[in-house]
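> fold the following for me, if possible:
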Amino acid sequence: MDYEFMTKGVCSKKINFSIDEEGKLHHVVFLGGCNGNLKAIGKLVEGMDASEVVKILQGNTCGMRPTSCADQLALAIKERLK
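Down below sits the predicted model:
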């Protein structure tokens, strides 16, 4: 299932991803933000268990911000898994 998440408090504006019927994360794409780093996150989490990705990325911050693009991905996944 494809999902679109509008981010808050970070440079990227939107995250697109899908979670298959087995709970695996696929096709993570960030719109905006630090292009190279966000492509790398997408590659690193490809095929991982979505719940595990949340555990790893949740709470990650960027500079003085209380969130990050990785944290926003964790929030998006949590919202989708509800």
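> now the strands: where do they sit in the protein?
Under the criterion DSSP state E, strands of the chain are mapped to 2-6, 14-19, 25-31.
> closest one to residue 81 among those strands?
Smallest distance to residue 81 across the strands of the chain (Cβ to Cβ): 7.4 Å, for strand 14-19. Every residue, glycine included, has its C-beta placed from N, CA and C.
> angle of the closest one against strand 25-31?
170 degrees (axes from the mean of the first three to the mean of the last three Cα atoms, to 10 degrees).
> longest helix of the protein?
For the chain, the longest helix by residue count, based on DSSP state H, is helix 69-81.
> so can I have CSV of the strands of the chain showing mean neighbour count, mean pLDDT and distance to residue 73?
Below are the strands of the chain laid out as CSV (neighbours: other Cβ atoms under 10 Å; pLDDT from 0 to 100; distance: least, Cβ to Cβ, whole Å):
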stretch, mean neighbour count, mean pLDDT, distance to residue 73
strand 2-6, 13, 97, 8
strand 14-19, 19, 98, 6
strand 25-31, 18, 98, 7
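> the one residue sitting closest to the centre of the chain and residue 34, how far apart?
When Cα atoms, centre = their mean is applied to the chain, the residue found nearest the centroid is residue 73 (2.2 Å). Distance, residue 73 to residue 34, using Cβ to Cβ, to the nearest Å: 13 Å.
> spatially nearest residue to residue 2, not counting backbone neighbours?
Of all residues not flanking residue 2 in the chain, residue 18 sits nearest, at 4.9 Å (Cβ to Cβ, 6 or more residues apart in numbering).
> what pairs with the one you found across the strands?
residue 2, residue 26 (DSSP bridges).
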